[in-house]
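>>> need a 3D model of the following:
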Amino acid sequence: MTRETHIKLLLQHLDKLLAEAEKRTAGRWKAKNFSVLLNDSEYLSILESWTTTAEDAIFIASCAGNAEAGWRATRAIASWILATDAQSSLLTDSILESWPIELLQ
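Numbering: from 1, shown residues only. Coordinates of the predicted model:
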């Protein structure tokens, strides 16, 4: 697989992740006991049908905003790489190593 193809797959994957993230409740999520505090006032209870533990769900929810920011930053860098033909740079190597093909399928 070429580096260009890998970057294009990464961009598609990030677009899917960000589109899915838009469906969540907006705002900064914080962990509070066994619920997730939304916007410092709303609560989302942990559903009993989840196969994860309450602690895992709290951790995942509290990371949402930071993960989305990382996806947007990675998307901007990957787009810049394609636009500037910087595919042989150390930055490109680092990005592609962080996002192996297995994560994009």
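>>> for this structure, what spans make up the helices?
In the chain, helices defined by DSSP state H lie at 3-21, 54-84, 90-98, listed in chain order.
>>> can you redo those as TSV with mean neighbour count and distance to residue 105?
Bear in mind the C-beta positions are built from the backbone N, C-alpha and C, glycine included. Converted to TSV, those look like this (neighbours: other Cβ atoms under 10 Å; distance: least, Cβ to Cβ, whole Å):
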stretch	mean neighbour count	distance to residue 105
helix 3-21	15	8
helix 54-84	15	17
helix 90-98	13	14
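>>> turn those into TSV, including mean pLDDT.
Listed next are the helices of the chain as TSV, based on pLDDT from 0 to 100:
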stretch	mean pLDDT
helix 3-21	94
helix 54-84	86
helix 90-98	92
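>>> indicate which one of these is closest to residue 104.
helix 3-21 (4.4 Å; Cβ to Cβ).
>>> contacts for the closest one, please.
Where contact means Cβ atoms under 8 Å, 6 or more residues apart in numbering, the residues beyond helix 3-21 that reach it are 64, 67-68, 71-72, 74-75, 78-79, 81-82, 87-88, 92, 95-96, 99, 101, 103-104.
>>> and with 10 Å instead?
By Cβ atoms under 10 Å, 6 or more residues apart in numbering, the list of residues contacting helix 3-21 from outside reads 1-2, 64-65, 67-68, 70-79, 81-82, 85, 87-88, 92-93, 95-96, 98-101, 103-105.
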